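[1] sequence and predicted structure are below.
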Amino acid sequence: MNDKNLSGEVYYPGKEIIDNATINDWDALNKKANEDYLGFWEDKAKELHWFSKWEKVLDDSQKPFFKWFTGAKTNISYNCLDIHVKTYRRNKLALVWEGEKGESETMSYYRLHQETCRFANILKSMGVVKGDRVTIYMGRIPEIVIAMLACARIGAIHSVVYGGFSVESLHERIEDSQSKVLIVADGAYQRGKIVPLKDIADEALQRAGGIEHVIVVRRTGQPVNMEFGRDMWYHELKHLPIATNDCALEIMDSEDPLFILYTSGTTGKPKAILHTHGGYQVGVYTSLKYVFDIKEEDRYWCAADPGWITGHSYIVYGPLLNGATSFMYEGAPNFPYPNRYWQMIEKYGINILYTSPTAIRGLMRFGDAWVNRHNLSSLRLLGSVGEPINPEAWKWYYKTVGKEKCPIMDTWWQTETGMFMITPMPCVPLKPGSGTKPFPGLQFDILNEAGESVKSDEEGYLVIKNPWPSMIRTLWGDSEKYVQQYWSKYPGYYLTGDSARRDKDGYYWIIGRVDDVIKVSGYRLGTAEIESALVSHRSVAEAAAIGLPHEIKGNAIYCYVILKSGQTPSNELMEELRLHVGHEVGPIAKPEQIKFVDSLPKTRSGKIMRRVLKAQELGLDPGNLSTLEE
Ligand code: WT7
């Protein structure tokens, strides 16, 4: 894709970038991968270790329940750790970590392997066996990585709950996953304050049964309640004789579950996306290697949270599969000052920074001086993920942060896809706001209601036409919903839930979600979660939530509430409801504004028509109203 005849505003990579890139002929790679995508993925799989080889690369005999590398035996934890410990990478830094207070910690592959084994042995001693679920609820500290790898090692299925979620979100995820063990930190630092994770977990555990053991990792050190017989300190367990440095790993079938990760989809409760050992590792390994062009000497920083798929794939598994050095920072981008990111890039010599449009917009508003105080010359590549990046933020990132020499990898993907799906590579000419083209071997289309491909520049539903190794396998515990949500609108095609257009150069432009998902600061929330939090408050009868454009967050949550009779609207009540949503779902879900109303637009079957509310707020045409009740 080095075509100089592209139209619109195009940024071409410098010669040095192209010369040094692993992939410098995107077209050739794409052609090869598209001619034989199974051969392409098979070649990539061969770069990883398997205890025994697959019989088939893809088994599509039970569509849409696709299986990859069937018959093969593997364990992702082996490919992340054991493999490297046998080589010169034994002494290489796997993790570099900085705490919000400025302290730092580094961990070689040797040590990470050892810590993982000890944690795995602790889990084993608690009776955790292959297939059991373990919920992990922590901030961005090294132990979260260790805990995930430890689960993978013994074949337990981890379910990480983002530390920014609160009581009800944690409760429903613990309950739905039927986890036996909860791994939690006492607290997390967030802008100088402590988020009391253990207290939140205690409240969630009062609502949920099933957890037999709680492993508590000390981070913030404030006093916490420790329930006798249930709760145990990690730092104490770690020194017990059972926590040896060596832990035999479970040989996993390629299709054995690796993790579940809850995410919001169309209507109803969050659903557990299931990923497996074999295919997931191939997709994540290959995509990170090609897109961020990981070099042996790089220090790579994905500034997301391990509690979301971005962190799973590109803080933990992707970098470790590649034998890379992954940097993780505990705190907020602007704490104590808005130069925090730039300071750390300089201090650690970060070469690749992967963050979100929200973070970029948030830092941009503090002006260039904060950036310019720092030497950012180590940077080679930049990345963006989570929501569409507006060209203004893109250009600021490109010029002020990247000094016009670092291409921006705007990666479109989802919890369900496991890996980057629409993305450039360093050698690809960029257009600000477009993720360029599908990753080699993937076939996308944009369809209208009737299922026909739309013309260039027309908007439609973004779909994926062929399978890929790191794709969602099912919704854990609800395979019917899996088929219905992703494969029923256009049978045979995976429905992304996004609308998009494709320009005449074949570049994709994501417009946004077309379902009941709201992307707030890149975080994925469902209208249903917010609404059910509101109606769980004693004064609320009915509620509707919508997303409206917000300068920094991309979208902000606006709610409409019908009060129960006898309740009177007031500013105090509005504030109480906002806090209630924060307490139940998490601070990220706190509505920007709540309006008290007497009725909500509904269909005759009683479904709230959120698009009507949205159109009203934006002064737009509400579209077809034939199903409106009144
Ligand atoms: C949704 C998936 C997997 C990355 C983290 C989010 C939106 C994601 C982009 C991008 C425009 C993007 C889409 C997608 N999205 N990346 N580069 N440009 N939109 O994962 O929480 O599962 O959310 O995030 O709407 O469907 P997620």
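    Nice, I can see it.
[2] spell out which parts of the stretch 501-630 of the chain neighbour the ligand.
    510, 512-513, 519, 524 (C-beta under 6 Å from any ligand atom). Yep, even glycine has a C-beta here, placed from its N, CA and C like the rest.
[3] just the residues you listed now: which is nearest residue 609?
    residue 513 (16.2 Å; C-beta to C-beta).
[4] tell me the phi and psi of that closest one?
    Phi and psi for residue 513, reported as degrees, to the nearest 10, are phi -70, psi 140.
[5] I'd say it and residue 498 touch.
    Yes. Judged on C-beta atoms under 8 Å, residue 513 makes contact with residue 498 at a distance of 6.0 Å.
[6] on that earlier part again, need the max-distance pair from the residues of the stretch 501-630 of the chain next to the ligand.
    510 and 524 (13.9 Å).
[7] residue 112: how many residues sit nearby?
    22 (other C-beta atoms under 10 Å).
[8] just to revisit the earlier point, how about the residues of the stretch 501-630 of the chain next to the ligand in TSV, adding secondary structure?
    TSV is the format used below for those (DSSP: H, G, I helix; E, B strand; the rest coil):
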residue	secondary structure
510	strand
512	strand
513	strand
519	strand
524	strand
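[9] nearest to residue 29 among these?
    Checking those one by one against residue 29 (C-beta to C-beta), the nearest turns out to be residue 510, at 22.8 Å.
[10] contacting residues for the closest one?
    Neighbour list for residue 510: 388, 412, 422, 435, 462, 498-500 [criterion: C-beta atoms under 8 Å, 6 or more residues apart in numbering].
[11] if we go to 6 Å?
    388, 412, 498, 500 (C-beta atoms under 6 Å, 6 or more residues apart in numbering).
[12] can you pick the most crowded of those residues?
    residue 412 (27 neighbours).
[13] partner residues bridging it?
    residue 422 (DSSP bridges).
[14] let me know the secondary structure of whichever residue of the stretch 1-150 of the chain sits closest to the ligand.
    Ranked by C-beta to the nearest ligand atom, the top residue of the stretch 1-150 of the chain for proximity to the ligand is residue 140, at 15.8 Å. Following three-state DSSP, we place residue 140 in the coil state.
[15] what sits closest to it if chain neighbours are left out?
    residue 330 (4.6 Å; C-beta to C-beta, 6 or more residues apart in numbering).
[16] so the one you found makes contact with residue 99?
    Yes. If you go by C-beta atoms under 6 Å, residue 330 and residue 99 touch, sitting 4.8 Å apart.
[17] returning to what we had before: just give me the neighbour total for the residue of the stretch 1-150 of the chain closest to the ligand.
    Considering only other C-beta under 10 Å, residue 140 is surrounded by 25 other residues.
[18] and what of residue 276?
    Neighbours of residue 276 (other C-beta under 10 Å): 28.
[19] list the beta-bridge partners for it.
    For residue 276, the beta-bridge assignment (DSSP bridges) gives partners residue 257.
[20] so who does it touch?
    Counting by C-beta under 6 Å, 6+ apart, residue 276 has contacts 255, 257-258, 473.
[21] by neighbours, which of those residues wins?
    Taking other C-beta under 10 Å as the neighbour criterion, residue 258 ranks highest of the contacts of residue 276 with 28 neighbours.
[22] would you mind measuring from that residue to the ligand?
    Computed as C-beta to the nearest ligand atom, to the nearest Å, the residue 258 to the ligand distance reads 16 Å.
[23] interface residues of this protein facing the ligand?
    Within the chain, the positions adjacent to the ligand are 263, 308-310, 385-388, 410-415, 435, 496-498, 510, 512-513, 519, 524 by C-beta under 6 Å from any ligand atom.
[24] hmm, try it at 5 Å
    309-310, 385-388, 410, 412-415, 498, 510, 513, 524 (C-beta under 5 Å from any ligand atom).
[25] what subset of the residues you listed is buried?
    Buried members of these, counted by 16 or more other C-beta atoms under 10 Å: 309-310, 385-388, 410, 412-415, 498, 510, 513, 524.
[26] now the residue lying closest to residue 108 once chain neighbours are set aside: how far from residue 543?
    Spatial nearest neighbour of residue 108, excluding adjacent residues (C-beta to C-beta, 6+ apart): residue 91 at 5.4 Å. Residue 91 sits 55 Å away from residue 543, going by C-beta to C-beta, to the nearest Å.
[27] neighbours of residue 241, just the number please.
    7.
[28] OK, contacts around it?
    Residue 241 sits next to no residue when contact means C-beta under 6 Å, 6+ apart.
[29] and the gap between it and residue 118?
    Noted for residue 241: a distance of 11 Å to residue 118, by C-beta to C-beta.
[30] thinking again about what came up before, more crowded one of residue 91 and residue 543?
    Taking neighbours as other C-beta under 10 Å, residue 91 and residue 543 compare with residue 543 leading, 26 against 12.
[31] element containing that one, please.
    strand 540-550 (DSSP states H and E).
[32] could I get the buried residue list for that strand?
    Buried positions in strand 540-550, judged by neighbour count with 16+ other C-beta under 10 Å: 540, 542-547, 550.
[33] from those residues, pick the one nearest the ligand.
    Ranked by distance to the ligand (C-beta to the nearest ligand atom), these are led by residue 547 at 11.2 Å.
[34] mind pulling the model confidence for the closest one?
    Model confidence at residue 547, given as pLDDT, is 96.
[35] again with residue 630
    Model confidence at residue 630, given as pLDDT, is 59.
[36] what's the answer for residue 269, then?
    pLDDT, read off for residue 269, is 86.
[37] what about it, which SS state?
    coil.
[38] pull the contacting residues for the residue nearest to residue 142 when sequence neighbours are not counted.
    Computed as C-beta to C-beta, 6+ apart, the closest residue to residue 142 that is not its neighbour in sequence is residue 97, at 5.2 Å. By C-beta under 6 Å, 6+ apart, the contact set of residue 97 is 105, 142, 328.
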